[in-house]
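J.: For reference, the sequence and a predicted model appear below.
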Amino acid sequence: MTHEGPENPAPACVPAEAGGGLKVAGAAAASAAHTVVEEVLEVEHAQPPISRPLLYVLVGLMVMMWTANYIVGKIAVREFGLWTLGGLRIEVAAAIMLALFLARRGAAGLRSLRQNWKVLGLLSLVGVVFNQMLFIAGLKYTSVAHASLIISLGPVFVLILARLHGLEQLSALKIAGMAISLAGLALLAGEHHNGSGPSLLGDLFTVAGSLAFAYYVVLGKEVTPRFDSLSLNTFVYLLGAAVVLPVTIGGLAGGGLAQVTWKGWLAMGYMTVFCSVIAYLIFYFALHYVSATRLATLSYLQPPLATLLGLLFLKEQITPRLIAGAAIIFAGVYVTEKG
């Protein structure tokens, strides 16, 4: 699953975690900490089938794939348009995921989809359809730097929604961290440029997409233990593909592909194959041998790298307001996760 993502589904296409995982309300803090330490030690000492240096090379490639997705998405949405690009990406990703699923599980494995389609449908709606469509809309109307920074607020959004669902207790430090993060977001939202720079509309689309994925994480708290990662992602993509099929057909019937050049097709293929499939497979493979906490830490490399790529390839501006907003957001997220 990516949260463009975390597209993953993830943001942009990044699989996201909420500050090391959601804690059930009322669980003892000492017990939870002990469990996390044991899990980290167990994962970090597991022996991967490849060398650890090669494993971290793969993880580095995964981070770069998701980082480049911000730049590539900008190119793709200019050529395809919002609805056609979003629809095609979900349809093609669903087809690839289904092929992988059938190769591993066979047609009999689809039985659990029929048994759980209602709850999976809701997860698909927020985690695939809303998340990915709003991510692309955000990229269309705001800058790469703003989009990547807003998506890095995912743990804060998950924490807020988890509290509303009674799944998380808020300490004073967590509340302070969330307030700091949202102050940084407000500072970013006040930065508007003419032309293709950041805009309030694009920032709002990106916030909405990140909130949609955060809601997916919270809703999936009770659902995800029932499925392995391949099954869950296949099912939510298939249901998401069914939802956006009318929009996709409408975009194609309206001549939405007539103006698309080879660059557009290459960009759409990259977003679908590399971000929605290959990077996801690397992530879940690495998760068996690298702790989720360490993988999440590496994901925070994406905003500065994406900002640099935006400067180099899209001529985006790096302003004092952007730097200040980024520093405040990262400080707030750090305080929130430590709380």
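T.: Done, it's in.
J.: Tally up the residues packed near W262, please.
T.: Per other C-beta atoms under 10 Å, the neighbour tally for W262 reads 8. (C-beta placed from N, C-alpha, C; glycine too.)
J.: what residues does the strand or helix carrying V119 touch?
T.: Of the helices and strands defined by DSSP states H and E, V119 is found in helix 117-124. With contacts defined as C-beta atoms under 8 Å, 6 or more residues apart in numbering, helix 117-124 is touched by 113, 216, 219-220, 223, 232, 235-240, 243.
J.: export the residues you listed to CSV and tack on pLDDT and secondary structure?
T.: As requested, the contacts of helix 117-124 are exported to CSV (pLDDT from 0 to 100; DSSP: H, G, I helix; E, B strand; the rest coil):
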residue, pLDDT, secondary structure
L113, 85, helix
Y216, 89, helix
L219, 86, helix
G220, 81, coil
V223, 79, coil
L232, 87, helix
F235, 92, helix
V236, 92, helix
Y237, 93, helix
L238, 95, helix
L239, 95, helix
G240, 95, helix
V243, 95, helix
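J.: Tabulate these (a markdown table), appending neighbour count and distance to L120.
T.: What follows is the contacts of helix 117-124, written out as a markdown table (neighbours: other C-beta atoms under 10 Å; distance: C-beta to C-beta, whole Å):
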| residue | neighbour count | distance to L120 |
| --- | --- | --- |
| L113 | 18 | 7 |
| Y216 | 29 | 11 |
| L219 | 18 | 10 |
| G220 | 22 | 10 |
| V223 | 16 | 7 |
| L232 | 20 | 8 |
| F235 | 25 | 5 |
| V236 | 29 | 6 |
| Y237 | 29 | 10 |
| L238 | 22 | 9 |
| L239 | 20 | 6 |
| G240 | 29 | 10 |
| V243 | 16 | 12 |
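J.: With just CA atoms, put stretch 115-135 into PDB.
T.: The C-alpha trace of stretch 115-135 is given here as PDB (Å, rounded to 0.1, in the frame of the first residue of the first chain):
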ATOM      1  CA  GLN A 115     -16.200 -12.600   2.300                       C
ATOM      2  CA  ASN A 116     -14.700  -9.200   3.400                       C
ATOM      3  CA  TRP A 117     -15.600  -6.900   0.500                       C
ATOM      4  CA  LYS A 118     -17.500  -4.300   2.600                       C
ATOM      5  CA  VAL A 119     -14.700  -3.500   5.000                       C
ATOM      6  CA  LEU A 120     -12.100  -3.800   2.200                       C
ATOM      7  CA  GLY A 121     -14.200  -1.500   0.100                       C
ATOM      8  CA  LEU A 122     -14.000   1.200   2.700                       C
ATOM      9  CA  LEU A 123     -10.300   0.700   3.100                       C
ATOM     10  CA  SER A 124      -9.900   0.900  -0.700                       C
ATOM     11  CA  LEU A 125     -11.900   4.100  -1.000                       C
ATOM     12  CA  VAL A 126      -9.800   6.000   1.500                       C
ATOM     13  CA  GLY A 127      -6.400   4.300   1.000                       C
ATOM     14  CA  VAL A 128      -6.400   4.000  -2.800                       C
ATOM     15  CA  VAL A 129      -9.000   6.100  -4.500                       C
ATOM     16  CA  PHE A 130      -9.000   9.300  -2.300                       C
ATOM     17  CA  ASN A 131      -5.300   9.000  -1.300                       C
ATOM     18  CA  GLN A 132      -3.900   8.600  -4.800                       C
ATOM     19  CA  MET A 133      -6.300  10.900  -6.600                       C
ATOM     20  CA  LEU A 134      -5.700  13.700  -4.000                       C
ATOM     21  CA  PHE A 135      -2.000  13.100  -4.200                       C
END
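J.: For that stretch, could you pull out the residues that count as buried?
T.: For stretch 115-135, a neighbour-count test (16 or more other C-beta atoms under 10 Å) marks 116, 120-135 as buried.
J.: swap in stretch 52-66?
T.: L55, L58, V59, M62, V63, M64, M65, W66.
J.: residue contacts, L58?
T.: So L58 contacts I50, I282, F285, A286 (C-beta under 8 Å, 6+ apart).
J.: Can you pick out the most distant pair from these?
T.: Based on C-beta to C-beta, the longest span within the contacts of L58 runs between I50 and I282 and measures 11.5 Å.
J.: what separates the closest residue to A189 other than its chain neighbours from W83, distance-wise?
T.: Using C-beta to C-beta, 6 or more residues apart in numbering and skipping the chain neighbours, the partner closest in space to A189 is D203 (5.2 Å). As judged by C-beta to C-beta, to the nearest Å, D203 and W83 stand 20 Å apart.
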